[in-house]
Every structure is written in structure tokens, then in C-alpha cells.
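Asker: Fold the following, please.
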Amino acid sequence: MIELEKDRPNRAVTSFFQIFGGCWKPLSGDAVHMTDGAGHHRFEWRVLSVLVPLVAGAAVFDGLWRLGDSWLAWGGVLPVLFLLFHFVAFTIGGKNPPSQWQRWNVLLVAWAVWQGWFVEESGVRWAAAVWLGVVALNAMSVVCLAWRGIMVHSATCTAGFRWFIWAVIHVPAVFVGWRYGLPAGLSVLGVAGILWVCGTFLPNARIFGPITRRAEGKDMLLTIDDGPDPDDTPAILDLLDQHGRKAVFFVIGEKVRRFPELAQEIVRRGHELGNHTMTHPVGFFWSYGPVRTRREISECQRAIEETTGVKVRFFRAPAGHRNWFTHPVLRELGLELVGWRKRAYDTVRSDVDGIVRDLTDGAKDGDILLLHEATTTALGVMEGVLTTLPAAGRPTPSPARSGDC
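Answerer: Numbers count the residues shown, from 1 in each chain. Modelled structure (predicted):
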């Protein structure tokens, strides 16, 4: 049985890296366990280890210059900076990385504000601008963190609250349009519209809520959409058995009702079933309201449970296009949204070799691969992928929740 991996803590101390830090490459082995310990966010540590001494050094240099002359500033900046770091660390530095960051941030913000607003001439104003830029990025990131919290919290991840957010977003647009004219009001809506389009149509976007994008384990995870299919499903199951691999089949509820024996066979052979809506409204699901969204997902859930006795845990939207109300419905039904890392548009292409190459070239451990059945190329693609991927026998991966690190 495929088990989901829980989010590993992001050790970043700044809100910017809590949102955008991530990992540049998948973690494995000891690196995974290190993230569960007291390790710092590595890239953030490298950035702060440059920025903090740079800005603090500029502040010390400026202070020494004002107390004496250029010789004192150039000769004393490193010794004084050394003493300053030890003083802050051992006197007011805090007992953990977040508290240390907060204290340094307060000190450097105070100096940057003094430089920017109260000093007429200064040769280190660039350093104050750099730190105020860091503060601005972190302030925007705090807004992003607050938004993410609203999107996932049980009290606010509801259809009713999302209607409320929709209304609130329109209030400033109406005010700006009334005060400054229709074009200005539409421009405000345009910004919100861009975010809405990204959250809806970018398959792995997490603007509306969490999405699984990677898998754990030393292998790739195969996911197969749009079944079950009387022509492709039996042959795909045989191929998977031959190569000793397990997969997640995201099935359509109508097809489960039509071919119950195939859904049962998928489960019997040890594979996982996922919810892919009842009717697969690929061209319209993105525009559905809460009632139709819930109907599509819950009816598919019911079809799978009544046919196989299995309670499905994963959901994938048609073409990956969620709508504004998908996550509240998924939370209500106990489902997790699953995306992918590699796809090759095998529903609209006919070149099997090219599809296989796009799916497997550069595939890394933990990648979720998206394939389809009920297409003219399904069997060829599946055979090519299974033949090209490293030999099975390693631990079977499972979908990992969002926040890959």
C-alpha cells in the first residue's frame, strides 16, 4: 500500500525562504534525516552569512568614519565587527536561529532607517537600501504565508469563506473604479485575475492550497489517468507485473461503474486507485462552483468505494485544472491533491518514442510521472517507460505532500 509522506519542516528563519527557499534538488538518504533535525536552511544560511556581515560591516565602517577618520574606519572595521558579532551572539543574540535573526533584523533595520531618513550624506547608503530591500521581500513573504495559512486552515478552507474572499477582492476594485475610473478598477481586478489563472491552470501551483508534486523513495512513481479501459487496463497491469512496479490509477467514476471488474482487478494486483472525477469534465471543471465540484468528486468517490470497497485517498483534477473550490471539497472528503513532475502530453501526441523520451529523460528519484490510458499510444508508451526506467526492486515511492523539503 502506498503511504503518503508528511511535510518535512522548512528550517528557514526568514519568511522569504520559508516561501521561496525550497530545495534545488531532491533530498535522499542522510540528507532527508538532517532536515528533520536542527539543520539550518542551507541556501538561506549562505545568503545571510553574506548579507548580515556586509550590512553590519557597512554600519560599523560608517560609525568609525564619523568618530574619527578614514584610517580609523578602514583599520578598525574588522576588529570592531568581530567584537560586535560576539557581543550580539552572547549578550542579546537569542538561543535559536529564529531569535538570532529577529535581533539582527531589528538592529539592522534601525540603522537602515536612520541612514535613509535622518542622514543627509553617507557613503554606505547602498547597504541600508540592500537591507530595506531584504525587509520588503520578507514583508511580502509574510503576506504569502498568511495567504497559505488561510488556504489550508480548517476554519477558512471552506466554500463559504472562499465566497467571502471573492467578495473582499472585488471591494477595492469597485472603490478604485468608482474613484479613479473604470480602467483603474479593471487593472486591480487584473492583478487578482492573473493570480487566479495561475492557481487554476498551472498544474502544480499551490496558490489555492497544497498539492503533492514529488514522491519519496529511490524510484519514480507512475500515475495513470483516465481509466479503467477494457483495451488498455489489462495489458498495462500485465506490463506492470512483468516489471515489478506499482502505480496509482486515477480513474473516472463513470468508467468504474461501466467496468467494475477492471477497477477490482487494479486493486487485486496491489495498485492504488485515485479519484479523477465522475465524468472527467476536462473543459469545464476549472469553472465549476462548489456544488458541481463536490458532486463530481464525491460521486466518483462513491463509485470507487461501492465497486471495490476501497476508500480513495488521492485526487487529480482533469488536466490538472483545479477551481477555486476544489481544496475545500477535498478537505471535506479527506482527499489529497496530486500533481506530477514529468508529463509528455501523451493524449494529443502519437510519437511513442518522443513521449517516452520526454517522460524518462532526466527523471530523478521521487519524480511523479503522468501517463494516460484509453489512447492509441498507451501500451507503447507504458512499455517504453517501463523498459527505459531503472530496474524495479527498490522501495516503491509514494506521493509526497507539498513542500518537498
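Asker: so how far is the lengthiest helix in the chain from its chain's centroid?
Answerer: Secondary structure assigned by DSSP state H gives helix 125-152 as the longest helix of the chain. How far helix 125-152 lies from its chain's middle: 18 Å, per C-alpha atoms, centre = their mean, to the nearest Å.
Asker: pLDDT (mean, whole number) over it?
Answerer: Regarding helix 125-152, the rounded mean pLDDT is 94.
Asker: which residues sit against the helix or strand following that helix?
Answerer: The first helix or strand that comes after helix 125-152 along the chain, using DSSP states H and E, is helix 159-180. By C-beta atoms under 8 Å, 6 or more residues apart in numbering, the residues outside helix 159-180 that reach it are 150, 155, 184-189, 192, 290, 324-325, 328-329. Using the backbone N, CA and C atoms, a C-beta is placed for each residue, glycine as well.
Asker: Same check on stretch 57-70?
Answerer: For stretch 57-70, contacts defined as C-beta under 8 Å, 6+ apart pick out 72-74, 76-78, 80-81, 84, 108, 111, 115, 122-124, 126-128.
Asker: among these, which are in helices?
Answerer: Checked against DSSP H, the contacts of stretch 57-70 include these in helices: 72-74, 76-78, 80-81, 84, 108, 111, 115, 126-128.
Asker: what's near enough to touch the nearest residue to residue 139 once chain neighbours are set aside?
Answerer: Excluding its sequence neighbours, the residue lying closest to residue 139 (C-beta to C-beta, 6 or more residues apart in numbering) is residue 15, at 8.0 Å. Contacts for residue 15 (C-beta under 8 Å, 6+ apart) come out as 138, 139, 141, 142, 144, 145.
Asker: And the pLDDT at residue 15?
Answerer: Value listed for residue 15 in the pLDDT field: 90.
Asker: What separation do you get for it and residue 123?
Answerer: 31 Å (C-beta to C-beta, to the nearest Å).
Asker: What of residue 351?
Answerer: 62 Å.
Asker: Between these two, which has more neighbouring residues?
Answerer: Taking neighbours as other C-beta atoms under 10 Å, residue 351 and residue 123 compare with residue 351 leading, 14 against 11.
Asker: What does the pLDDT read for the more buried one?
Answerer: pLDDT, read off for residue 351, is 96.
Asker: now swap in residue 10 and tell me
Answerer: pLDDT for residue 10: 65.
Asker: just for the chain, where's the confidence low?
Answerer: Residues of the chain that meet the criterion pLDDT under 70 lie in 1-10, 21-41, 392-405.
Asker: For the residue lying closest to residue 263 once chain neighbours are set aside, grab the count of nearby residues.
Answerer: Closest residue to residue 263 apart from its sequence neighbours, by C-beta to C-beta, 6+ apart: residue 256 at 4.7 Å. Residue 256: 27 surrounding residues under other C-beta under 10 Å.
Asker: So what does residue 256 look like in phi/psi?
Answerer: In terms of degrees, to the nearest 10, the main-chain angles of residue 256 are phi -60, psi -40.
Asker: Give me the ChimeraX select line for the contacts of helix 159-180, limited to the buried ones.
Answerer: To isolate the buried ones among those in ChimeraX, judged by 16 or more other C-beta atoms under 10 Å, type:
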select :185,188,189,290,324,325,328,329
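Asker: Farthest-apart pair in the contacts of helix 159-180, please.
Answerer: Largest separation among the contacts of helix 159-180 by C-beta to C-beta: 184 and 329, giving 35.2 Å.
Asker: so residue 388 touches residue 355, yeah?
Answerer: No: using C-beta atoms under 8 Å as the test, residue 388 is too far from residue 355 to be in contact (11.1 Å).
Asker: Looking at these two, which one has more neighbours?
Answerer: A count of neighbours by other C-beta under 10 Å puts residue 355 above the other of residue 388 and residue 355, at 22 against 13.
Asker: element containing that one?
Answerer: Counting by DSSP H and E, residue 355 is found in helix 352-360.
Asker: can you check residue 106 too?
Answerer: Going by DSSP H and E, residue 106 is in helix 97-118.
Asker: just the angle between that helix and helix 125-152, please?
Answerer: 130 degrees (axes from the mean of the first three to the mean of the last three C-alpha atoms, to 10 degrees).
Asker: helices or strands next to helix 97-118 in the packing?
Answerer: Packing partners of helix 97-118 (3 or more C-beta pairs under 8 Å, 6 or more residues apart in numbering; DSSP states H and E): helix 42-67, helix 125-152.
Asker: Identify each buried residue in the first one, please.
Answerer: Applying a neighbour-count criterion of 16+ other C-beta under 10 Å, the buried positions in helix 42-67 are 42, 44-45, 47-48, 51-52, 55-65.
Asker: Please apply the same query to stretch 171-180.
Answerer: Applying 16+ other C-beta under 10 Å to stretch 171-180 flags 173, 176, 177 as buried.
Asker: List of residues touching the lengthiest strand in the chain?
Answerer: Longest strand in the chain, counting residues (DSSP state E): strand 221-227. Contact with strand 221-227 is made by 215, 233, 236, 240, 245-252, 255, 262, 266, 274, 276, 280, 316, 338, 340, 347, 366-375, 382, 385, 396-399, as judged by C-beta under 8 Å, 6+ apart.
Asker: and with 6 Å instead?
Answerer: Strand 221-227 is contacted from outside by 215, 233, 247-251, 276, 368-374, 397, using C-beta atoms under 6 Å, 6 or more residues apart in numbering.
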